[in-house]
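Engineer: model the structure of this input:
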Amino acid sequence: MYFRDKGPQHFSGAALSKKLPEYLKTLEYITPRALERRAKVLPPDAIIGIGDLPLHQPYLNQVRSAGAVLQRQSRWLNATSVIATADQLATIAQFPFVLRVAPVVILRRKNRDDQHSFQFQTLDKAATLDYGPSALQMQMINVPPLHDLGITGHNVIVGMLDTGFRWRAHESLQSRNVIAEHDFIQNDDTTANQVGDSFSQDQHGTLTMSALGGYKPGRLIGPAFDACFVLAKTEYLPSETMIEEDNWAEALEWMEGLGVEVASSSLGYNDFDPLGPNPGDYTWANGDFDGRTSVTALACVRAARLGMLICNAMGNEGNGDGTTGTMLTPADADSIISVGAINYSYQIAGFSSTGPTNDGRTKPDVVAPGVGVYCASTSGFSSYFNISGTSLATPLTGGAATLLLSARPELTPFQVRDALRNTASPIIDSVFYPSNPNNFTGWGLIDAFRAALFFGPIFSNNPTVSIVDSSHDVTISVASKDGINPNSVIFHYAIGNSSSFDSIPMMLDSSMFFATSGRYKVVVPSQAIGTLVRFYISAEDSVSLTYQSPPSITNKLWQLNYGTTEVDMSPMVPQGYALMQNYPNPFNPMTKISFDLPRREHVRIQVFSVLGELIATLVDDVVNAGSAMSRAPIIFDGAGLPSGVYFYRVSTPSFTSTKKMMLIR
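Structural biologist: This is a model prediction of the structure:
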């Protein structure tokens, strides 16, 4: 049942005022990491919205008092699912705050993932890591070059929605960094098998997690083994219950609030009713696979708008005719990456569901290996098997997407999807699907390495320090498909907490993949043992695209203590306040305003006319400490204003500064 609002206090617009107590309430379940991710896709004044508010408790109480038993809740949909009699539902439907009441769809999860015999092959070139039998699936999606560069999924949070995860009891998963897990069936924090679960309950989730992030050299290595994991058990195997889609949607909301950046789901649903047609079922004939009908598809779209990248399996319903889709929901959702499967002969798997959606969009987006994929088995601590299904192609794609965000954390979900699509290798058939993209294989087979290079230079996740004869060498890998300008790789360093940085060119130590890409090295100027050295590294490629490590979006610097080889990250905090001159100046009609802030404070930035009239308030909020170079500049749009001199002022409890700027039409 869907409610009309979030309470009698009618909030205006989609954004939520930071002055309201409800805003602070949302911060109890929306973490700073989630806010950082949202900031990539939402305007500053709309990071928290009405959709983030919990359901209005008095409404829920009244529904409960009518005899309904509450099941799941969705803040995003402003809805709850309940168990109730027809008479109870009729009563509830008359409540003035109830928008509509609809039957929960009876759904069947479709996998048909099968064990499959396969002759394993090894990589045809040397690689840094020993992938064992998982080598070919990694080579097919071109992951090893990124691992060789030192890009491993570090500092990306990955969410997995599945049947359960026996990760503590398998050698390839027990050392992975699981930061949260929840069972949405039994409402506890154990996602492995429990009393009441079937023996195979947690098998499917275990194998998909291992395909994405397993790590056991010589046996199995997944693309994003160095990521952080959030696990959600949403699917109950012994029976097809009516609540599983709601479990899935609620789990996605939970993950979003924890800051998950990539969600991989190998679950898909369609209609299933052994007693005959149900008016609440999703059917192709009714046009329900349009990305705007199923609860899970609506949740996907909302998550994408909040900066989450969703990878979902197309399903194993078989190839269609290219005009009538066979996909499962939520693979029909817009703004996500829907994944089909191919075999190792670069042909579409016969079981792989195809598009288009009911509203004519091309699906899948991409394909990945889904036949004979090597992964962990729950039959033993060191057991493995190979299995087929779009369920395996999806975590391989999710792992590749994670590597992109590990290399370029500023990317939005749509940019990641564009990179994976536009660098994919077309898979076409001269008779059945001769064009690209198409509704059988989408834009083609993903290429993780090419996709990571799509937006310009990339650095390894971490620099390394070596000490040889008291010389401290810092080494980092950098690559660009257009070639790095070897004179542009610069080591910028400051001693102690100084805000003054010196710069030293780094030298190419060894080439990788491209002539001027590879490992660059610099000797840190001699310091007293224990001296703090803070630094960042910048580079430019041959087409003038620039990047730096750590990425500026992190607002951090690398740091080391001279005499040790450990490298950590630290906040990029300036030593004092400063308001920079706007750029460009003069301007027409937009200009950028930047400032240094040595501590977290309330900041107000305002623009005034020469007569002292307030023109605009650009910032009125608590802002984290950081330098001008580490944060996105504030944009002032002078459209509609006459030419002339204007003043902009930054003020905090500890600092005030005003500068002049000129608008010229």
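
Engineer: would you mind writing the CA trace of stretch 228-235 as CSV?
Structural biologist: This file holds the C-alpha atoms of stretch 228-235, laid out as CSV (Å, rounded to 0.1, in the frame of the first residue of the first chain):
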residue,chain,number,x,y,z
CYS,A,228,34.6,-3.7,0.8
PHE,A,229,31.5,-5.8,0.8
VAL,A,230,27.9,-5.3,2.1
LEU,A,231,25.8,-8.5,1.9
ALA,A,232,22.0,-8.8,1.8
LYS,A,233,20.2,-12.1,2.0
THR,A,234,16.8,-11.5,0.4
GLU,A,235,15.7,-14.7,-1.3
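
Engineer: what sits up against that stretch?
Structural biologist: Here stretch 228-235 makes contact (Cβ atoms under 8 Å, 6 or more residues apart in numbering) with 109, 155-165, 167, 176-185, 191, 202, 204-205, 209, 213, 244, 247-248, 251-252, 254-255, 258, 260, 267. All C-beta spots, glycine's among them, are computed from the backbone N, C-alpha and C.

Engineer: buried subset of these?
Structural biologist: Neighbour counting by 16 or more other Cβ atoms under 10 Å classes 109, 155-165, 167, 176, 178, 180-185, 191, 202, 204-205, 209, 213, 244, 247-248, 251-252, 254-255, 258, 260, 267 among the contacts of stretch 228-235 as buried.

Engineer: among these, name the ones in strands.
Structural biologist: Judged by DSSP state E, the buried ones among the contacts of stretch 228-235 include 109, 157-162, 178, 180-183 as members of strands.

Engineer: what is the neighbour count of Gln201?
Structural biologist: Using other Cβ atoms under 10 Å, the number of residues around Gln201 comes to 23.

Engineer: from here on, call the first residue 56.
Structural biologist: Done: numbering now begins at 56, and the last item shifts to Gln256.

Engineer: relative to Asn637, how far out is it?
Structural biologist: Separation of Gln256 from Asn637 (Cβ to Cβ, to the nearest Å): 59 Å.

Engineer: among the ones in strands among the buried ones among the contacts of stretch 283-290, which two are most distant?
Structural biologist: Arg164 and Ile212 (24.9 Å; Cβ to Cβ).

Engineer: next secondary structure after the lowest-mean-pLDDT helix or strand in the chain?
Structural biologist: One helix or strand of the chain scores below all others by mean pLDDT, DSSP states H and E: strand 169-170, with a mean of 46. Next helix or strand after strand 169-170 toward the C-terminus (DSSP states H and E): helix 190-195.

Engineer: taking the mean pLDDT, what do you get for the very next helix or strand once past that next one?
Structural biologist: Following helix 190-195 in sequence order, the next helix or strand is helix 199-204 (DSSP H and E). Taken as a whole, helix 199-204 has a mean pLDDT of 96.

Engineer: show me what helix 199-204 is packed up against.
Structural biologist: helix 503-507 (3 or more Cβ pairs under 8 Å, 6 or more residues apart in numbering; DSSP states H and E).

Engineer: so what touches the helix it packs on?
Structural biologist: 196-198, 200-201, 206, 278, 454-455, 458-459, 462-463, 471, 474-475, 478, 513, 536.

Engineer: in that helix, what counts as buried?
Structural biologist: Of all the residues in helix 503-507, those buried under the rule 16+ other Cβ under 10 Å are 503-507.

Engineer: same deal with stretch 340-358?
Structural biologist: For stretch 340-358, the buried set under the neighbour-count rule, 16+ other Cβ under 10 Å, comprises 343-358.

Engineer: strands - which of those land there?
Structural biologist: Assigned to strands by DSSP E, none of the buried residues of stretch 340-358 qualify.

Engineer: the longest helix along the chain vs strand 212-217, what angle?
Structural biologist: In the chain, with assignment by DSSP state H, the single longest helix is helix 445-462. For helix 445-462 against strand 212-217, the angle by axes from the mean of the first three to the mean of the last three Cα atoms, to 10 degrees is 170 degrees.

Engineer: for the helix or strand that comes right after helix 445-462, buried residues please.
Structural biologist: Sequence order places helix 468-477 as the next helix or strand after helix 445-462, per DSSP H and E. Within helix 468-477, the residues that qualify as buried by neighbour count (16+ other Cβ under 10 Å) are 468, 470-476.

Engineer: dump these into CSV; add pLDDT as well.
Structural biologist: Shown next, in CSV, are these (pLDDT from 0 to 100):
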residue, pLDDT
Pro468, 96
Gln470, 97
Val471, 97
Arg472, 97
Asp473, 97
Ala474, 98
Leu475, 98
Arg476, 98
